[in-house]
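J.: Sequence first, then the predicted structure:
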Amino acid sequence: MKSIVRLLVIISFFFCSKKGETQRLSMTLSGKNDWKIWMDKRAEWIKDSLYLPEEVVLEKLPVNPPSCGWETLFNEQEIPCQVPTTVEEQFGERNTWTYHGVSWFYTTFELPENWEQKRVFLNIAQYNQRIEVFVNNQLVGYDAVGM
């Protein structure tokens, strides 16, 4: 059975087969044209608490789903993009335009069958703001330090 994964970040994957042993199997999702970006202008974020790495316990963090809901996210007024990219690059009209708010980068892909039931790691190359990573609508990563 193929696992369809909805992913909301710029990623490459690798997995560990045994404790301490890393296989060099990888999947790079950046550079592909099947990403979408959507500016969530209705998202409330100004009063959100920020957490330092040592404070992060994913199960206890508040979950901030898209303001349109998970099921309609893929039907919103998104635009196709290729990652890496920025909100400013995709929506900006001049070099001085800066977006302050929430945006979603997302894609869908098939997880290789031989990766099922394996421990999979996400490698997020670079970002410069708070990031929340969701896989199949579940919060799996958070960082507010960036870079």
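T.: All right, it came through fine.
J.: which parts of the longest strand along the chain are buried?
T.: The longest strand of the chain (DSSP state E) is strand 102-111. Residues 102-107, 109, 111 are the ones in strand 102-111 that count as buried (16 or more other Cβ atoms under 10 Å). C-beta: built from backbone N, CA, C; applies to glycine.
J.: Can you add pLDDT and distance to Leu52 and give those residues back as a markdown table?
T.: Formatted as a markdown table, the buried residues of strand 102-111 follow (pLDDT from 0 to 100; distance: Cβ to Cβ, whole Å):
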| residue | pLDDT | distance to Leu52 |
| --- | --- | --- |
| Val102 | 90 | 20 |
| Ser103 | 90 | 23 |
| Trp104 | 90 | 24 |
| Phe105 | 88 | 24 |
| Tyr106 | 88 | 26 |
| Thr107 | 86 | 29 |
| Phe109 | 81 | 31 |
| Leu111 | 79 | 31 |
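J.: now those residues in a markdown table, with distance to Ile46?
T.: Shown next, in a markdown table, are the buried residues of strand 102-111 (distance: Cβ to Cβ, whole Å):
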| residue | distance to Ile46 |
| --- | --- |
| Val102 | 10 |
| Ser103 | 15 |
| Trp104 | 18 |
| Phe105 | 21 |
| Tyr106 | 23 |
| Thr107 | 28 |
| Phe109 | 33 |
| Leu111 | 36 |
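J.: Farthest pair within these?
T.: With distances taken as Cβ to Cβ, the most widely separated pair in the buried residues of strand 102-111 is Val102 and Leu111, at 26.4 Å.
J.: if I read this right, Trp104 contacts Asp40, doesn't it?
T.: Yes: Trp104 is in contact with Asp40 according to Cβ atoms under 8 Å; the separation is 6.0 Å.
J.: Overlap in contacts, the two.
T.: Counting by Cβ atoms under 8 Å, 6 or more residues apart in numbering, the common neighbours of Trp104 and Asp40 are Pro66.
J.: returning to what we had before: show me what the longest strand of the chain is packed up against.
T.: strand 3-7, strand 35-40 (3 or more Cβ pairs under 8 Å, 6 or more residues apart in numbering; DSSP states H and E).
J.: ok, 10 Å please
T.: strand 3-7, strand 12-18, strand 21-28, strand 35-40, helix 87-91, strand 131-135 (3 or more Cβ pairs under 10 Å, 6 or more residues apart in numbering; DSSP states H and E).
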